[in-house]
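Visitor: The amino acid sequence is not available; the structure is as follows:
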């Protein structure tokens with residue numbers, strides 16, 4: 001009799017345990033969840049359950065509450081819960097050159113102002129100060145993953161990890177002497193060491209970043225690609241950004257920049273091309289066939305009058321198309337909400353068709369599109385189980401966001417970066433209720449202002 005009672009008690013205990021809510025690390029609930037999954041589901045009064053670095057469930061608030069209990073909860077009442085934004089092209093430390101040289105074409109801007117300023121100023125300290133400032137700006141405006149190309153990239157990586165952001169970070173290789181490498185061979189050696197140092201990191205994806213076809217010779221471009229293949233890491237490059245680049249390619253190589261890289265055997269999966277403004281249908285088809293991702297940077301291209309990328313052509317061809325801000329020296333901010341709005345409106349103006357690059361499409365470019373362009377669509381870019389918990393909560397309470405009929409419309413056409421109230425990367429809260437938790441904002445701004453005094457003195 002006692003054995004029977006014991007068995008019954010054990011069975012009842014097992015049933016109750018099976019019915020008890022599962023303990024997870026974080027639940028974000030009571031918000032409108034814009035998932036950006038394959039069906040682009042929007043879940044009103046939804047919630048997301050996070051355990052450690054991963055999303056474990058996304059559903060209605062009631063369903064999540066029945067299944068899970070969070071060690072920590074965030075109430076997103078009246079807000080939007082969405083994937084963190086993926087900025088596919090930046091030069092993070094260049095925030096320290098914000099506003100230094102405006103209203104110029106790219107080559108004049110680079111050769112007369114930026115390259116000389118960098119020659120005088122770039123150092124590990126400069127890179128650390130600039131990266132912290134960029135990280136603060138990105139956390140505050142909802143970017144959770146960013147792609148970077150700069151010098152002393154190991155310092156960018158260290159500061160990115162300390163801030164808690166996810167980064168695809170490329171050590172720049174360029175033909176002329178720069179602060180961290182006197183020759184292209186030195187740059188490649190630094191890239192090799194950088195990749196070895198950070199390969200397999202949970203937040204940092206190291207990459208090699210040959211600057212462009214007009215600042216590197218063919219053998220160096222091929223060596224950079226071989227390095228990326230050797231370690232199975234991305235290769236980042238500026239491509240077909242300006243009409244001048246097209247002219248240079250025609251004069252030197254009797255072909256387009258895209259076709260030139262193809263002739264070198266450089267194009268392929270893992271390559272991310274920034275800008276891609278001056279391309280034709282043949283170039284686009286080639287990029288698609290080779291599995292190359294493209295980063296569209298509308299604000300920088302407009303400000304430098306570089307041209308307008310054929311976004312609708314890329315989308316029709318099925319190219320993996322992400323969205324970027326470029327560096328704050330040519331934008332002049334890192335706000336991906338502004339980039340989304342500009343990308344949508346510019347495409348409508350360019351094509352004289354108000355239906356192209358809808359809000360949903362622009363939002364995809366800033367989330368899943370960016371993830372696809374990096375080959376990271378299985379890890380980030382949408383709110384789905386088993387993906388990394390990179391989420392943001394966006395306020396919808398301001399006057400310009402009232403009334404709210406369509407969350408995607410508001411996110412692209414009405415929202416600004418400072419509407420973000422919570423930022424989560426890899427399941428960790430980086431910002432809560434507009435307070436950044438992983439950086440001392442006052443100290444970051446103080447250091448940046450002190451560095452600006454040195455910048456101003458150096459460029460007089």
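Guide: In hand now; what should we look at? Source: prediction; values computed, not measured. Numbering: from 1, shown residues only.
Visitor: Settle this for me: residue 425 is touching residue 83, isn't it.
Guide: No. Checked against C-beta atoms under 8 Å, the pair residue 425 and residue 83 is beyond contact range at 11.2 Å. (Each C-beta comes from the backbone N, C-alpha and C, glycine too.)
Visitor: Now for these two: what residues contact both?
Guide: Common neighbours of residue 425 and residue 83, using C-beta atoms under 8 Å, 6 or more residues apart in numbering, are 144, 390.
Visitor: ok, the two, which is more surrounded?
Guide: Using other C-beta atoms under 10 Å as the criterion, residue 425 and residue 83 rank with residue 83 on top: 30 against 26.
Visitor: In space, what's closest to that one - neighbours in sequence excluded?
Guide: Computed as C-beta to C-beta, 6 or more residues apart in numbering, the closest residue to residue 83 that is not its neighbour in sequence is residue 367, at 4.6 Å.
Visitor: Now do the same contact list for that neighbour.
Guide: 36, 82-86, 381-382.
Visitor: same check, this time on residue 75
Guide: Neighbours of residue 75 in contact, by C-beta under 8 Å, 6+ apart: 29-30.
Visitor: Can you give me the distance of it to residue 309?
Guide: 40 Å (C-beta to C-beta, to the nearest Å).
Visitor: Where does the residue most central in space within the chain sit: helix, strand or coil?
Guide: With distances taken as C-alpha atoms, centre = their mean, the residue of the chain nearest its centroid is residue 87 (2.3 Å). Here residue 87 is strand, with the state taken from DSSP: H, G, I helix; E, B strand; the rest coil.
Visitor: again, but for residue 69
Guide: strand.
Visitor: got it, and the one 4 residues further on?
Guide: Using three-state DSSP as the criterion, the local structure at residue 73 reads strand.
Visitor: buried ones in stretch 28-47?
Guide: 28-37, 42-43, 46-47 (16 or more other C-beta atoms under 10 Å).
Visitor: From those residues, which land in strands?
Guide: 28-34, 42-43, 46-47 (DSSP state E).
Visitor: Can you list the buried residues in stretch 368-383?
Guide: 368-377, 379-383.
Visitor: hmm, who's touching it?
Guide: For stretch 368-383, using C-beta under 8 Å, 6+ apart, the contacting residues are 33-37, 48, 55, 58, 81-88, 144-145, 147, 166, 168, 205, 234, 269-270, 272, 293-295, 320-323, 367, 387-388, 390-391.
Visitor: Filter the residues you listed down to the buried ones and hand me the PyMOL line.
Guide: Burial among the contacts of stretch 368-383 is assessed by 16+ other C-beta under 10 Å; the matching PyMOL selection reads:
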select buried, resi 33+34+35+36+37+48+55+58+81+82+83+84+85+86+87+88+144+145+147+166+168+205+234+270+272+293+294+295+320+321+322+323+367+387+388+390+391
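Visitor: Do you know the pLDDT at residue 56?
Guide: The model reports residue 56 with a pLDDT of 98.
Visitor: Please list all residues in contact with it.
Guide: If you count contacts by C-beta under 8 Å, 6+ apart, residue 56 has them with 24, 49-50, 68, 385-386.
Visitor: Sort out which of those are buried, if you could.
Guide: Here, 16+ other C-beta under 10 Å leaves 24, 49-50, 68 buried among these.
Visitor: now for those residues, which pair is the farthest apart?
Guide: 50 and 68 (9.4 Å; C-beta to C-beta).
Visitor: shared neighbours, those two?
Guide: In contact with both residue 50 and residue 68: 24, 27, 56, using C-beta under 8 Å, 6+ apart.
Visitor: Return the closest of those residues with respect to residue 408.
Guide: Residue 408 has its nearest neighbour among those in residue 27, at 23.6 Å by C-beta to C-beta.
Visitor: The closest one - nearest residue in space that isn't next to it in sequence?
Guide: What sits nearest to residue 27 in space, not counting adjacent residues and going by C-beta to C-beta, 6+ apart, is residue 70, at 3.4 Å.
Visitor: One more: residue 149?
Guide: Spatial nearest neighbour of residue 149, chain neighbours left out: residue 209 (4.1 Å); criterion: C-beta to C-beta, 6+ apart.
Visitor: Now do the contacts for that neighbour.
Guide: 149, 153, 170-173, 191, 224, 235-237.
Visitor: swap in residue 357?
Guide: By C-beta under 8 Å, 6+ apart, the neighbours of residue 357 are 311-312, 315, 343-344, 347-348.
Visitor: Buried subset of these, written for PyMOL?
Guide: The buried residues among these can be selected in PyMOL (16+ other C-beta under 10 Å) with this line:
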select buried, resi 311+312+315+343+344+347+348
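Visitor: biggest separation within the contacts of residue 357, which pair?
Guide: Checking the contacts of residue 357 with C-beta to C-beta, the most distant pair is 315 and 348, at 13.3 Å.
Visitor: Helices of the stretch 151-300 of the chain, residue ranges please.
Guide: 153-163, 184-198, 218-231, 243-253, 257-263, 281-290, 298-303 (DSSP state H, counting those that start in this stretch).
Visitor: ok, back up a step: what pLDDT does the residue nearest to residue 83 get?
Guide: Reading off the model, residue 367 has pLDDT 98.
Visitor: What distance do you get for it to residue 152?
Guide: 30 Å.
Visitor: can you check residue 301 too?
Guide: If you go by C-beta to C-beta, the gap between residue 301 and residue 152 works out to 27 Å.
Visitor: Using a markdown table, please lay out the buried residues of stretch 28-47 together with pLDDT.
Guide: Putting the buried residues of stretch 28-47 into a markdown table (pLDDT from 0 to 100) gives the following:
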| residue | pLDDT |
| --- | --- |
| 28 | 98 |
| 29 | 98 |
| 30 | 97 |
| 31 | 98 |
| 32 | 98 |
| 33 | 98 |
| 34 | 98 |
| 35 | 98 |
| 36 | 98 |
| 37 | 97 |
| 42 | 98 |
| 43 | 98 |
| 46 | 98 |
| 47 | 98 |
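Visitor: Closest to residue 135 out of those?
Guide: residue 28 (21.9 Å).
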